[in-house]
Each structure stands twice: as structure tokens, then as C-alpha cells.
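>>> My questions concern the predicted model and sequence given below.
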Amino acid sequence: MSNWEVRISSSRGVPYYYNTETKESLWEAPAGLTQEQVAALPGAKQYLSGDRPAQVRASHLLVKHRGSRRPSSWKEQNITRSKEEAIEILKGYAHEIDGSAEKFAELATVHSDCSSHSNGGDLGFFRPGQMQKPFEDATYALKVGEISDIISTDSGVHLILRTA
Ligand SMILES: O=C(N[C@H](Cc1nc2ccccc2[nH]1)C(=O)O)c1cc2ccccc2s1
């Protein structure tokens, strides 16, 4: 079939159609595709059927490493730890947090390499397409009040607490 897939526009937070072969983008479904064919496109289930709540809210505790997109933070001008070290550090925090939302906010405030540390790690509400994909997927997979396993994005390694 065609090389079309459904993506989300991060600037508009709405779905669009992208042809991976021609690199063409369309706001509306490509002509010539039946309803069934559109529904079967990669990404259609996730972005077209609206099976994800419009927005979620989460806090996170980020530990950056030398491979992070921006290996610097309010805490440390030049972050040189390895990803493996960052994971070990985060495992220690996860153990200390032990499922407590209060402990999560406390440790995020002191230890998170994200500027959201100043608000207990709270990122506020966000919609599909606004945060890095692994972070978004991990958040949507959580129930409200649940804390994620360690997840990795281009920014570093995170623990996520879904709050809404
Ligand atoms: O991207 C941010 N901060 C980056 C680190 C980072 N990378 C992230 C990737 C996914 C989710 C949160 C993330 N925070 C930085 O400080 O280098 C954000 C900070 C804040 C603060 C308040 C609300 C949203 C955001 S998003």
C-alpha cells in the first residue's frame, strides 16, 4: 500500500498525513484512500481514534548524562557522567521514592536536571506531540498516581509520576 502514515503536528497538536517516500505532508487524508485504508495507516489508531485523553499531567525527575541533548543544567554546568552512571543514580532515587508522590516531588526538587525541578518536577499539562515520544508514551501508559520505570529520551534518563 502507500507509504502514508499519521503523525501529530507538535506545533498544532493535531494529526497530519506524511508520506515517508515522497516526504509530502497533508492536513487531510490523501485522496484515493478508503476509510478503512486510512484507519489502517501507521499511527492512525493512536492519533485518529483519539484513544488517548486529550491531555495528561506529569512530574519527572531527570538525570542527564554526557550523551544528553543539552548536557548542562541548573545544577551542573558541564555534565560528564555516563548514561550507565545516570541510570544507577536514578535507581537509587527510585528506591528512596518507593512510590510516594511526596518523596518524588522532594527528590525532583533537589536532584532533577530539568528546570521543572523548581516546581517539584511538575511539567503541567501536555498533549500528544508536545513531549519527546518515549516520554509521552511512558506517561500515557501510567495510571494517575503511578511512577514509571526508568525511561530514556534525548534529554537523559527519567522517572515519571503521572498526576492527571
Ligand atoms: O524540556 C525541558 N527541560 C529540559 C530537560 C527536559 N527534557 C525533557 C523531555 C521530556 C519531558 C521533560 C523534559 N525536560 C532542560 O531543562 O534541559 C522542560 C522544562 C519544563 C519546565 C516546566 C514545564 C515544562 C517543561 S519542559
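Yep, it's here.

>>> how near is Lys83 to Arg66?
Separation of Lys83 from Arg66 (C-beta to C-beta, to the nearest Å) stands at 8 Å. For glycine as for every other residue, the C-beta is placed from the backbone atoms N, C-alpha and C.

>>> touching the ligand at all, the helix or strand hosting Ala94?
Using DSSP states H and E, Ala94 sits within helix 83-97. No: with C-beta under 6 Å from any ligand atom as the criterion, the ligand is not reached by helix 83-97; the gap is at least 13.0 Å.

>>> quick one: buried residues of that helix?
Lys83, Ala86, Ile87, Leu90, Tyr93, Ala94, Ile97 (16 or more other C-beta atoms under 10 Å).

>>> Just give the number of residues close to the nearest residue to the last one once chain neighbours are set aside.
If you skip the residues right next to it in sequence, Ile97 has Lys103 as its closest partner in space, 4.5 Å away by C-beta to C-beta, 6 or more residues apart in numbering. When counting by other C-beta atoms under 10 Å, one arrives at 14 neighbours for Lys103.

>>> Tell me which helix or strand comes right after the host helix or strand of Lys103.
Lys103 is part of helix 101-111, with elements assigned from DSSP H and E. The first helix or strand that comes after helix 101-111 along the chain, using DSSP H and E, is strand 122-126.

>>> so how far is the ligand from the residue of the chain most remote from its centre?
The C-alpha centroid of the chain is most remote from Gly32, which lies 33.7 Å away (C-alpha atoms, centre = their mean). For Gly32, the distance to the ligand (C-beta to the nearest ligand atom, to the nearest Å) stands at 37 Å.
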